[in-house]
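**Student:** Predicted model, plus sequence, below.
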Amino acid sequence: MSKLTKNQKNALAKVEPNKAYKLAEAAALLKEITFTKFDASVDIDVRLGVDPRKANQMVRGVVTLPHGTGKTVRVLALCTPDKEAEAKAAGADYVGLDEYVEKIKGGWTDVDVIVTTPNVMGKVGALGRILGPRGLMPNPKTGTVTMEIGKAISEVKSGKIDFKVDKFGIVHTAVGKISFSPEQIVDNANEVLSTIIKLKPAAAKGTYVKSIYLSTTMSPGLQIDPKSVETK
């Protein structure tokens with residue numbers, strides 16, 4: 001990181017260690033303390049009081065961000081010819097089946113989301129060891145394996161994301177870009193947080209939401225007061 005200017009140092013000095021910020025305060029402050037030349041991603045990290053190794057404490061969900069993700073999502077539709085027109089009309093960047101299955105086997109994964117139909121999962125399933133580690137494997141639970149392929153593509157393009165708790169009990173996901181207004185960041189973050197709260201497993205004991213941090217790629221994390229989150 002390049003040397004900080006005086007103004008940047010002054011901005012960073014506004015971050016109070018150990019302070020739990022209200023969500024709106026943190027979103028506004030984040031815009032002041034992020035000094036990237038690119039449009040940095042705004043991320044949220046939520047530490048949960050769950051044991052993700054236990055199946056009954058897995059937290060996984062899908063949420064549509066009211067203001068979208070701020071990034072262009074490249075979608076590959078793996079489908080039979082009768083579904084190709086529907087996929088193209090919905091805005092899929094790549095549409096086809098066998099040729100893309102072969103490309104992926106050869107190591108091509110230059111997409112963000114793959115949507116497919118149940119009748120071709122046999123072919124797609126064989127790509128699991130390539131797609132799985134990259135988080136690209138289509139899944140009925142996240143709506144990416146469906147006969148309504150056009151609807152699924154439209155949703156992904158308009159800001160639908162899926163998240164799941166990692167092995168450390170943390171949900172980490174993007175809630176927009178630093179170019180967003182503080183209000184847009186707050187709306188998107190509230191949508192994610194209220195969904196996580198609704199997904200609390202019955203088996204989870206003790207404090208469910210242990211901590212929430214808002215940050216960008218290049219900023220310190222700002223701790224959020226869980227009480228300032230608007231749950232729906």
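**Tutor:** Structure's in. What do you need?
**Student:** Tell me which residues touch residue 225, please.
**Tutor:** Contact analysis of residue 225 by C-beta atoms under 8 Å, 6 or more residues apart in numbering lists 20, 21, 22, 23. C-betas here are computed from N, CA, C, even on glycine.
**Student:** Considering these, which possesses the most neighbours?
**Tutor:** Counting neighbours by other C-beta atoms under 10 Å, residue 23 leads the contacts of residue 225 with 24 neighbours.
**Student:** Compute the distance between the residue nearest the centre of the chain and residue 99, please.
**Tutor:** With distances taken as C-alpha atoms, centre = their mean, residue 173 lies nearest the centre of the chain, 4.1 Å away. Using C-beta to C-beta, to the nearest Å, residue 173 is found at 32 Å from residue 99.
**Student:** and the helix ranked longest in the chain, C-alpha only, in CSV?
**Tutor:** Longest helix of the chain, by residue count under DSSP state H: helix 182-198. The C-alpha trace of helix 182-198 is given here as CSV (Å, rounded to 0.1, in the frame of the first residue of the first chain):
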residue,chain,number,x,y,z
PRO,A,182,-24.1,4.7,3.0
GLU,A,183,-27.9,4.2,2.8
GLN,A,184,-27.5,1.6,0.0
ILE,A,185,-24.7,-0.2,2.0
VAL,A,186,-27.0,-0.2,5.1
ASP,A,187,-30.0,-1.6,3.2
ASN,A,188,-28.0,-4.4,1.6
ALA,A,189,-26.2,-5.3,4.9
ASN,A,190,-29.6,-5.3,6.8
GLU,A,191,-31.0,-7.7,4.2
VAL,A,192,-28.1,-10.1,4.7
LEU,A,193,-28.1,-9.8,8.5
SER,A,194,-31.9,-10.2,8.9
THR,A,195,-31.7,-13.4,6.6
ILE,A,196,-28.9,-14.8,8.8
ILE,A,197,-30.9,-14.1,11.9
LYS,A,198,-34.0,-15.9,10.5
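**Student:** Return the distance of that helix from the chain's centre.
**Tutor:** Relative to its chain's centre, helix 182-198 lies at 12 Å (C-alpha atoms, centre = their mean, to the nearest Å).
**Student:** what sits up against it?
**Tutor:** 23-24, 27-28, 30-31, 42, 44, 46, 48, 59, 61-67, 163, 171, 173, 175-176, 180, 208-209, 212, 214, 229-232.
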